[in-house]
Every structure is written in C-alpha cells, then in structure tokens.
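K.L.:
Okay, sequence plus prediction incoming.
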Amino acid sequence: MHKSEYLFSQKTVTCYFDAEFSHLRDLVKDASIIIVTDENVFNEHAKKLSVFPVIKFPAGEAFKNQTTVDHVIGELIKLGAHKNTFLVGVGGGVVTDIAGYVAAIYMRGIQFGLVPTSILAMVDAALGGKNGIDVGVYKNMVGTIRQPEFIFYDYAFLATLPVKEWINGFAEVIKHACIKDALLFKILEKYSLHDYQTDKTLIAELIEKNVEIKNGIVTQDEFETGERKLLNFGHTVGHAIENLHSIPHGHAVSIGMIAACNLSVQMNNFHANDAAKIVRLLAKYHLPVDVETDHEKIFEVLKMDKKRKGNGVQFILLKNIGTAEIQFIGFTDLQKHFKEIV
C-alpha cells in the first residue's frame with residue numbers, strides 16, 4: 001500500500017493505493033464504522049463487508065434520490081450512529097455520492113471515507129468532494145461539496161466488476177485525456193480494454209494517473225469557479241441524455257463528448273481529424289458514439305443544467321486533444337447547431 005495526499009480548502013484527503021479492505025480499521029481507530037453500499041456490491045462481497053454494520057439499498061442510478069437518502073438516515077438512527085460515527089461508502093458512483101451527501105447532512109455532518117469499487121468511481125465519482133442526488137430527470141440537482149477523510153483503493157473489488165461497468169468507467173478516463181493529457185490519449189490508443197482488464201499493473205497505473213489529473217484540477221478550484229468546469233466535458237449534453245434515456249453514465253458522457261467535439265469543430269476551430277480520433281477511441285473501448293433521441297426534450301433538460309448562466313450555458317470545448325476551454329454559448333446559438341451535433 002502507498003499513499004498520496006491532496007490539500008483542499010478545509011482538509012487533506014489521503015488516497016491509499018493498492019490497499020486491502022481488511023486494513024480499513026487501521027485508518028479509523030477510535031470511531032465506530034458503518035458501511036453504506038448497494039445490494040450488488042454487498043452480494044458479491046458480503047463476507048468482506050460484514051465485519052462492520054452495513055446499510056444497503058438497491059443498485060442503480062434510479063435509486064440516487066431523496067428516498068434512498070431517507071432510508072440510509074433511518075438506518076443510521078436505528079444503529080445509534082452519532083457524531084463520532086465514521087460512514088464509509090463502498091461501491092460505485094451512486095454509492096459514493098449518497099454516502100458523501102448523507103455524511104454531510106446527518107447530525108449536521110459526520111466524517112466519511114470512500115472505497116470505490118468501479119472504474120468510474122475510482123477515477124471520477126469518488127474524487128473531488130461532490131456528493132448528491134438526482135431530482136427526476138435533473139442530474140445531481142441537490143448536493144454538497146465536502147471532502148472525505150480518505151479514499152481507499154482496493155483493486156480486488158475490480159475482479160467482480162462486470163464488463164459493462166469497465167466500459168462505463170473508461171468514458172471518464174478518455175475524458176481526462178481529452179481535456180488535460182495528450183500523452184494519456186496516445187497510451188489509450190496503444191492499449192485495449194482487454195489489456196487493462198487482464199494486467200493488474202497497467203490498470204493500477206492508469207487509475208493513479210487519473211486520480212492525479214482530477215485531483216490536480218480540483219485542489220486548484222475546489223468549488224468550481226474556473227478550471228474545475230473543464231471536468232464537465234461531455235456532461236452538459238450527457239446528463240440530459242442519461243436520465244431521459246436511462247442509459248449508463250459513461251455511455252451518456254461518451255455521446256456528450258461527441259456532441260462537444262462536433263460543437264468544438266463548428267465553433268472553436270477544433271480539427272475534424274482530431275474529433276474523428278476521439279470517436280475512434282471511444283468506439284475502441286466499446287462506448288456508444290450516437291443515439292436516437294428527441295432533440296427538443298434533450299434541449300429542454302439541458303436548459304436546466306447547473307452550468308446555465310442567464311440565456312445560455314457554459315460549454316466545455318476542445319482546442320486540441322489535451323487542451324480544453326470554457327465557452328459561454330447562448331441558447332439561441334446552441335439550438336441552431338443542436339440537431340447537427342447530437
């Protein structure tokens with residue numbers, strides 16, 4: 001096990017890499033630990049998790065809502081959780097979001113840590129302190145920005161991760177390469193999903209590289225006033241598609257990245273050949289690059305995006321592979337291009 005520390009505004013978050021779940025107790029010596037997870041993760045790892053009290057809820061984005069939060073809080077009360085209770089979210093992005101949100105509001109705030117078990121959670125969802133829930137078709141409409149005490153990377157959890165969830169997570173890996181790291185983009189072109197699934201060293205290096213990229217951005221702009229917005233590349237259209245079509249987050253972000261690439265070509269002098277490279281890379285990792293959709297419905301949901309400013313939205317466009325920028329686009333201009341880009 002080795003660690004990296006990241007300094008945020010109110011605390012230092014420690015990421016423990018290549019760790020073993022059995023060592024979790026060593027990190028939280030004096031507090032009582034309660035695990036929150038979903039039923040899928042619990043069913044695969046019941047023996048490992050059951051050394052602590054466990055609160056579980058049904059798996060899936062459909063349960064990332066206030067009803068689930070109320071259930072978790074009710075279970076915490078039944079277990080006698082108090083200010084010195086340490087909540088640990090073990091699971092994918094839905095679990096890490098809900099664990100962080102509950103920890104922020106239960107008794108006005110208790111400590112929490114995260115054990116991400118999916119690629120998506122390891123490289124993105126568990127990082128940066130964003131916690132929250134969906135409200136109907138509006139993604140992450142309610143939540144907090146509050147950092148965990150630690151993020152604990154036990155790669156053994158990946159052994160039971162379904163192939164579809166590997167694919168789902170690689171959308172965020174490719175996103176990081178597009179906005180910040182042209183060399184990572186080339187590395188991803190060199191390897192395949194199968195290579196990463198079968199080579200423990202390769203996947204460990206990739207996860208640590210992505211943690212470094214995302215935390216490097218977020219420590220400089222924790223509350224998303226500037227550079228952190230770059231992490232929304234592909235998410236503006238992607239979030240609208242995700243909930244309207246009930247497709248996995250990574251799939252929606254993949255389609256959203258294609259839309260953002262097309263818009264970058266039309267409005268930001270991004271080279272069409274580079275846009276084609278991104279399409280090829282997403283397809284190589286088995287991610288979708290288009291969708292049959294109702295453009296008007298997507299546009300209506302997009303207009304409620306949290307990145308809205310007045311009569312437009314802050315879109316993340318590419319200048320080159322590895323370089324992105326924030327650009328305000330008015331809804332009138334966006335609507336002109338919308339059917340061509342999505």
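P.N.:
Received it, and whenever you're ready, just let me know what you need.

K.L.:
CA only for contacts and neighbour counts going forward, please
P.N.:
Noted.

K.L.:
give the contact list for the most centrally placed residue in the chain.
P.N.:
Residue closest to the average C-alpha location in the chain (C-alpha atoms, centre = their mean): residue 125, at 2.8 Å. By C-alpha atoms under 8 Å, 6 or more residues apart in numbering, the contact set of residue 125 is 92, 93, 96, 97.

K.L.:
So which of those are in helices?
P.N.:
The members of those that map onto helices under DSSP state H are 93, 96, 97.

K.L.:
Tell me the spacing between the residue nearest to the centre of the chain and residue 178.
P.N.:
18 Å (C-alpha to C-alpha, to the nearest Å).

K.L.:
again with residue 161
P.N.:
Using C-alpha to C-alpha, residue 161 is found at 25 Å from residue 178.

K.L.:
nearest spatial neighbour of residue 323, skipping sequence neighbours?
P.N.:
residue 179 (5.0 Å; C-alpha to C-alpha, 6 or more residues apart in numbering).

K.L.:
what secondary structure does residue 59 sit in?
P.N.:
Secondary structure, DSSP: H, G, I helix; E, B strand; the rest coil: residue 59 is coil.

K.L.:
What count of nearby residues applies to it?
P.N.:
17 (other C-alpha atoms under 10 Å).

K.L.:
One more: residue 154?
P.N.:
Using other C-alpha under 10 Å, residue 154 is surrounded by 19 other residues.

K.L.:
Count the residues that sit near the nearest residue to residue 126 once chain neighbours are set aside.
P.N.:
Nearest residue to residue 126, sequence neighbours excluded (C-alpha to C-alpha, 6+ apart): residue 96, at 5.8 Å. As a burial measure, residue 96 scores 29 neighbours (other C-alpha under 10 Å).

K.L.:
Check residue 83 too.
P.N.:
For residue 83, the count of nearby residues is 13 (other C-alpha under 10 Å).

K.L.:
Isn't it up against residue 103?
P.N.:
No: at 10.1 Å, residue 83 does not count as touching residue 103 under the criterion of C-alpha atoms under 8 Å.

K.L.:
between these two, what contacts are shared?
P.N.:
Here residue 83 and residue 103 share the contacting residues 109, 110, scored by C-alpha under 8 Å, 6+ apart.

K.L.:
in stretch 333-342, what counts as buried?
P.N.:
Across stretch 333-342, burial judged by 16 or more other C-alpha atoms under 10 Å covers 334, 338, 341, 342.

K.L.:
For stretch 267-278, give the mean pLDDT please.
P.N.:
Stretch 267-278 carries an average pLDDT of 96.

K.L.:
Tell me the pLDDT of residue 113.
P.N.:
Here the pLDDT value assigned to residue 113 is 97.

K.L.:
Show the contacting residues for it.
P.N.:
Residue 113 is in contact with 86, 87, 88, 89, 148, 149, 150, 151, 152, counting by C-alpha under 8 Å, 6+ apart.

K.L.:
In which helix or strand does the fourth one reside?
P.N.:
Same thing as residue 89. Using DSSP states H and E, residue 89 sits within strand 85-91.

K.L.:
for the stretch 151-300 of the chain, what spans make up the helices?
P.N.:
Using DSSP state H, counting those that start in this stretch, the helices of the stretch 151-300 of the chain run over 163-180, 182-190, 193-198, 200-218, 235-245, 249-267, 272-284, 295-302.

K.L.:
what would those helices look like in a markdown table with distance to residue 140 and mean neighbour count?
P.N.:
Below are the helices of the stretch 151-300 of the chain laid out as a markdown table (distance: least, C-alpha to C-alpha, whole Å; neighbours: other C-alpha atoms under 10 Å):
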| stretch | distance to residue 140 | mean neighbour count |
| --- | --- | --- |
| helix 163-180 | 17 | 22 |
| helix 182-190 | 28 | 16 |
| helix 193-198 | 29 | 14 |
| helix 200-218 | 18 | 17 |
| helix 235-245 | 9 | 24 |
| helix 249-267 | 12 | 25 |
| helix 272-284 | 25 | 17 |
| helix 295-302 | 13 | 16 |
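
K.L.:
looking at the ones you listed, which is closest to residue 68?
P.N.:
Relative to residue 68, the nearest member of those by C-alpha to C-alpha is helix 235-245, separated by 17.3 Å.

K.L.:
Which neighbouring elements make contact with the closest one?
P.N.:
When contacts are defined as 3 or more C-alpha pairs under 8 Å, 6 or more residues apart in numbering; DSSP states H and E, helix 235-245 packs onto strand 138-145, helix 249-267, helix 295-302.

K.L.:
List the contacts of the second one.
P.N.:
Contacts made with helix 249-267 from outside it, assessed by C-alpha under 8 Å, 6+ apart, are listed as 120, 167-172, 175, 233-239, 241-242, 270-272, 275, 278-279, 282, 287-291, 315-319, 337, 341-342.

K.L.:
who wins for most neighbours among the contacts of residue 125?
P.N.:
Neighbour counts for the contacts of residue 125 (other C-alpha under 10 Å) peak at residue 96, which has 29 neighbours.
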